[in-house]
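**Student:** This is the structure alone, sequence omitted:
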């Protein structure tokens, strides 16, 4: 197999205002220190600048002074007081900046105002830099805004936040877990499933999430999910675990860039200036020294976000399948995981103390409407979701860890001591969990999942609590399971294997073979 690219984008973004503003000189000197560190290693880098910072002389002059070969400047898009007022709408927050969905994001405003805000930002950017921005980022955005940008300005790349439940007042859950995808014209959170439904700007997932812990961290004592997750990412301001802890950074870069990625390996590094230099400096300095070492060894490539986007568009005409694996946790050798994402579904395989389960399985339907595509967000929070089959975080509770668990008749639970990743071709791979006596193999492709072993087995989807996130059962027989969620019917067809009930499948001839469907 060809060697896969291992890409790092250094993306720092510049706010003029924040909910807990640093003194003006501190926000400026934070950016200046970031630039000095980037220059020390002669890295390529991307800065995304917000509308308020574009209006500040010191930030404009600093950005204009940068080497255009190494530095790329784009837009960071949040709605702040001057942008709202320039667009002719009332600013309803008591601060200059707001992280609330009904104020600080474009979805809080009518469609014509969203267009006006985008045009204001893009025209001001052009007045300063002589061209429209080629890259655009925000933690969170609605589909109408991105579709308008796609159709009018034809960017090279987008970026937005990782998966998270409740953090910062919004939820992105069940979507494409890492790397990049082409968004659906109906819903920017979902990968397009056809050429007709596709926006041709790749969307890169930010932050570099912990492959093992980020997904189901922040559970309550009974294992049910908390209202807001903590953050375990490459961001250098997190010193307990994450990008400010050297041991975690060493582990993350080793596992994330291990080559087991199908399409390409990816991480975004950097931090917004509003945290201040003191909180991020130690983490950034350690990371950048390690990036320099790995790049010189040929293990990673550091490039601008726009470069990655142009390469992606040249290489892939539709969203490629991707994988992310970790053969241990940063602090525990007895955990391993593999994420597989394609334009039709995502699945997470997980082993803890040798017991394996499908920790997560979500089906994608790119026709799911964005709730804010033609409506204003009136709540302080917003949610983007996909179609769950099993969810090891949201379905857990009452002391029960959820997931699809494996068992062999008349035997103790299968316990593995090794996970092996085998690339089989474009968009296809095997993930094998094994010990000296037994194996369970997952063969993953865009259109089906095959699970096989050396002995017949059963898989049971264990749900710890009945809650609003668990889909409604519509129908099942021996070969079909139909569920309903978000007013969509979807489910599983079995080519091999048999449903014993709506939550348990038994193998046939030591195999379960399934595909997924959603009804239009």
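**Tutor:** Arrived safely, thanks for sending. Please read these numbers as outputs of a predicted model, since none were measured by experiment.

**Student:** so where's this structure shaky on pLDDT?
**Tutor:** 1, 18-25, 411-414 (pLDDT under 70).

**Student:** any chance you could map the helices in it?
**Tutor:** 24-41, 51-54, 57-64, 81-86, 111-129, 143-153, 246-256, 277-296, 305-315 (DSSP state H).

**Student:** buried residues in the fourth one?
**Tutor:** Neighbour counts using 16 or more other Cβ atoms under 10 Å place 81, 82, 83, 84 of helix 81-86 among the buried residues. Where C-beta positions appear, they are placed from N, C-alpha and C, glycine not excepted.

**Student:** for that helix, packing partners?
**Tutor:** helix 51-54, helix 111-129 (3 or more Cβ pairs under 8 Å, 6 or more residues apart in numbering; DSSP states H and E).

**Student:** follow-up on the earlier one: right, so of the helices of the chain, which gets closest to residue 369?
**Tutor:** helix 143-153 (8.6 Å; Cβ to Cβ).

**Student:** Could I get the buried residue list for that closest one?
**Tutor:** 143, 144, 145, 146, 147, 148, 149, 150, 153.

**Student:** cool, and stretch 511-520?
**Tutor:** Buried-residue list, stretch 511-520, by 16+ other Cβ under 10 Å: 511, 512, 513, 514, 515, 516, 518.

**Student:** For the residue nearest the centre of the chain, give me its contacts.
**Tutor:** In the chain, the residue lying closest to the centroid (Cα atoms, centre = their mean) is residue 162, at 3.5 Å. Neighbour list for residue 162: 172, 205, 206, 207, 208, 209, 214, 233 [criterion: Cβ atoms under 8 Å, 6 or more residues apart in numbering].

**Student:** which among those residues gets closest to residue 182?
**Tutor:** The closest of the contacts of residue 162 to residue 182 turns out to be residue 205 (Cβ to Cβ; 13.1 Å).

**Student:** residues near the closest residue to residue 54 other than its chain neighbours, how many?
**Tutor:** Leaving aside its sequence neighbours, residue 54 sits nearest to residue 124 (Cβ to Cβ, 6 or more residues apart in numbering; 5.5 Å). Residue 124 has 16 neighbouring residues, counting by other Cβ atoms under 10 Å.

**Student:** Residue 53 is in contact with residue 124, correct?
**Tutor:** No: in this structure, residue 124 is not within contact of residue 53 by Cβ atoms under 8 Å, at 10.9 Å.

**Student:** that older thread, let me know which of the helices of the chain is tucked in deepest.
**Tutor:** helix 51-54 (a mean of 23; mean count of other Cβ atoms under 10 Å).

**Student:** Run through the neighbouring helices and strands of that helix.
**Tutor:** Checking 3+ Cβ pairs under 8 Å, 6+ apart, helix 51-54 ends up next to helix 81-86, helix 111-129.

**Student:** who's in contact with the shortest one?
**Tutor:** With Cβ under 8 Å, 6+ apart as the contact definition, helix 81-86 has outside contacts at 17, 51-52, 55, 90-91, 93, 95-97, 109, 117, 120-121.

**Student:** Just checking the distance from it to the centre of its chain.
**Tutor:** 30 Å (Cα atoms, centre = their mean, to the nearest Å).

**Student:** With the longest one instead?
**Tutor:** Its chain's C-alpha centre lies 27 Å from the corresponding centre of helix 111-129 when counted by Cα atoms, centre = their mean.

**Student:** and for it, what are the contacting residues?
**Tutor:** 49, 51, 54-55, 60, 63-64, 73, 75, 77, 79, 83-84, 86-89, 106-107, 109, 132-133, 142, 144-145, 148-149, 152-153, 374.

**Student:** at 6 Å instead, please
**Tutor:** With Cβ atoms under 6 Å, 6 or more residues apart in numbering as the test, helix 111-129 has contacts from 51, 54, 60, 75, 83, 86-87, 89, 106, 132-133, 144-145, 148.

**Student:** What angle do helix 57-64 and it make with each other?
**Tutor:** Going by axes from the mean of the first three to the mean of the last three Cα atoms, to 10 degrees, helix 111-129 is angled at 70 degrees with respect to helix 57-64.

**Student:** Let me know the angle separating helix 111-129 from helix 143-153.
**Tutor:** Using the same axes, to 10 degrees: helix 111-129 against helix 143-153 is 50 degrees.

**Student:** Looking at the contacts of helix 111-129, which is nearest residue 354?
**Tutor:** residue 145 (46.2 Å).

**Student:** if I pick the closest residue in space to that closest one that isn't next to it in sequence, what's in contact with it?
**Tutor:** Nearest residue to residue 145, sequence neighbours excluded (Cβ to Cβ, 6+ apart): residue 106, at 4.6 Å. Counting by Cβ under 6 Å, 6+ apart, residue 106 touches 114, 142, 145.

**Student:** Columns distance to residue 267 on top of those, output as TSV?
**Tutor:** Conversion of the contacts of residue 106 to TSV gives the following (distance: Cβ to Cβ, whole Å):
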residue	distance to residue 267
114	30
142	26
145	26
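
**Student:** how about the strands in the stretch 401-520 of the chain?
**Tutor:** 403-407, 418-425, 428-434, 439-444, 449-453, 458-462, 472-476, 480-485, 488-496, 498-501, 504-506, 511-518 (DSSP state E, counting those that start in this stretch).

**Student:** Point out the most buried one among these.
**Tutor:** strand 403-407 (a mean of 21).

**Student:** strands paired with that one, and their directions?
**Tutor:** Each strand paired with strand 403-407, and its direction, by DSSP bridges: strand 355-363 (antiparallel), strand 458-462 (antiparallel).

**Student:** Any chance of a markdown table for those, columns distance to residue 471?
**Tutor:** Below are those laid out as a markdown table (distance: least, Cβ to Cβ, whole Å):
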| stretch | distance to residue 471 |
| --- | --- |
| strand 355-363 | 10 |
| strand 458-462 | 11 |
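
**Student:** What residues are recorded as beta-bridge partners of the residue lying closest to residue 424 once chain neighbours are set aside?
**Tutor:** Closest residue to residue 424 apart from its sequence neighbours, by Cβ to Cβ, 6+ apart: residue 430 at 6.2 Å. Beta-bridge partners of residue 430, counted by DSSP bridges, are residue 422, residue 443.

**Student:** In contact with residue 430, which residues?
**Tutor:** Residue 430 sits in contact with 422, 441, 443, where contact means Cβ under 6 Å, 6+ apart.

**Student:** Just send these back as CSV, with distance to residue 189 too.
**Tutor:** As requested, the contacts of residue 430 are exported to CSV (distance: Cβ to Cβ, whole Å):
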residue, distance to residue 189
422, 31
441, 31
443, 28
